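# I'll drop the sequence and a predicted model, then ask my questions.
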Amino acid sequence: MKNLIVANWKCNPKTAKEAERLFRKIPFKKEVIICPPALYFHLGKKVVLGSQNCFLESGAYTGEVSPKMLKSLKIKYVILGHSERRTYFKETDELIKEKVKACLNEKLKVILCVGEKKGEKMINVLKKQLSSFKKGVFAVAYEPIWAIGTGQACDPEKAEKALSLIKKETGSRVLYGGSVNSKNFKDYLKVGFDGVLVGGASLKIEEFKKMI
Ligand code: PEP
């Protein structure tokens, strides 16, 4: 199994022109999944695309995107449960569980994000977040919240403890995310992660290409 790189562009870049420019510079690889804002999907013609989020179904749900819509655009991957969704958009484990189910029903490949806040006990948080996902998700991304966008990546040995727990609980691929860059990403692969989820550094093309 080859290592994966999942790029989470979040709500970036600011314009379609910039997105187009960025897409153009990314070399195609099956294992490199780009998750841009949904408005930019149509610009990513030569990359493997993933969604940063998804709702449960089509219908009267203003502003949302459904699993069937993603499928109809041939978008196979979907990130669910990102900590920014949990924090800013108040997504609960219950809702995330429903979303995972809805996406699996459409045969989408779910990349489920889990991770603890500073001061929380990693084992307890992960067990709770994973309790309803024993099987079926394509990958679980361990993203300690305190490491996301802070430049303070988790110590690989410490992250390895989360990796073992997630593997034991789900049996799925495990990615590491949280301030990954071209200098530290190999440290996570060395301790056994199956790839990385990259936020900020995926928008810096030279940095991103080095990881690819
Ligand atoms: C993320 O968006 O999931 C993430 C890990 O961001 P960053 O790489 O910027 O910490």
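Perfect, thanks for sending it.

# quick check: closest non-adjacent residue to the one residue in the chain that gets nearest to the ligand.
Nearest residue of the chain to the ligand: Gly199, at 2.1 Å (Cβ to the nearest ligand atom). C-beta coordinates here come from the backbone N, C-alpha and C atoms, glycine included. Distance criterion Cβ to Cβ, 6 or more residues apart in numbering; nearest residue to Gly199, sequence neighbours excluded, is Asn8 at 5.0 Å.

# next one, pLDDT for the residue of the chain closest to the ligand please.
What the model reports for Gly199 is a pLDDT of 98.

# mind listing the helices for this protein?
Per DSSP state H, the chain carries helices over the ranges 16-25, 67-72, 83-88, 93-105, 122-130, 156-170, 185-190, 205-211.

# name the residues of the protein found near the ligand, please.
8, 10, 143, 148-149, 177-180, 197-201 (Cβ under 6 Å from any ligand atom).

# ok, of those, which one's closest to Val110?
Nearest to Val110, judged by Cβ to Cβ, of these is Leu197 at 13.0 Å.

# what sits against Arg21?
The contact partners of Arg21, taken as Cβ atoms under 8 Å, 6 or more residues apart in numbering, number zero.

# same check on Lys76?
With Cβ under 8 Å, 6+ apart, Lys76 has these contacts: 48-50, 108-109.

# can you put those residues in CSV and add distance to Ser172, pLDDT and neighbour count?
Formatted as CSV, those follow (distance: Cβ to Cβ, whole Å; pLDDT from 0 to 100; neighbours: other Cβ atoms under 10 Å):
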residue, distance to Ser172, pLDDT, neighbour count
Val48, 18, 98, 20
Leu49, 21, 98, 22
Gly50, 16, 98, 24
Leu108, 14, 98, 23
Lys109, 10, 97, 15
